[in-house]
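Colleague: no sequence for this one, just the structure:
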């Protein structure tokens with residue numbers, strides 16, 4: 001059973017999540033031959049203050 005965890009800084013809309021989940025699920029079915037019913041996709045939306053790039057928190061930019 002594939003489990004995919006998508007972490008993003010900030011938030012996604014419900015529509016964006018649905019499209020991303022569908023794309024990931026379709027890709028796993030097409031390439032890895034995994035049935036759609038076996039694929040789980042979870043989203044973690046984190047505040048910018050919890051992400052840093054190049055030593056700077058994203059909310060500092």
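Modeller: That came through, no problem. Worth saying up front: this structure is predicted, and the values here are computed from it rather than measured.
Colleague: contact partners of stretch 3-14?
Modeller: Here stretch 3-14 makes contact (C-beta atoms under 8 Å, 6 or more residues apart in numbering) with 20, 24, 28, 39-48, 50-51, 58. Just so you know, the C-beta spots here come from the backbone N, C-alpha and C atoms, and that holds for glycine as well.
Colleague: Pull out the buried members of the residues you listed.
Modeller: With neighbours counted by 16 or more other C-beta atoms under 10 Å, the contacts of stretch 3-14 contain buried members at 20, 24, 28, 39, 41.
Colleague: and the third one, what pLDDT?
Modeller: It refers to residue 28. The pLDDT attached to residue 28 in the predicted structure is 98.
Colleague: buried stuff in the helix or strand it falls within?
Modeller: Assigned by DSSP states H and E, residue 28 falls within helix 14-32. By neighbour count, with 16+ other C-beta under 10 Å as the criterion, the buried positions of helix 14-32 are 17, 20, 21, 24, 25, 28, 29.
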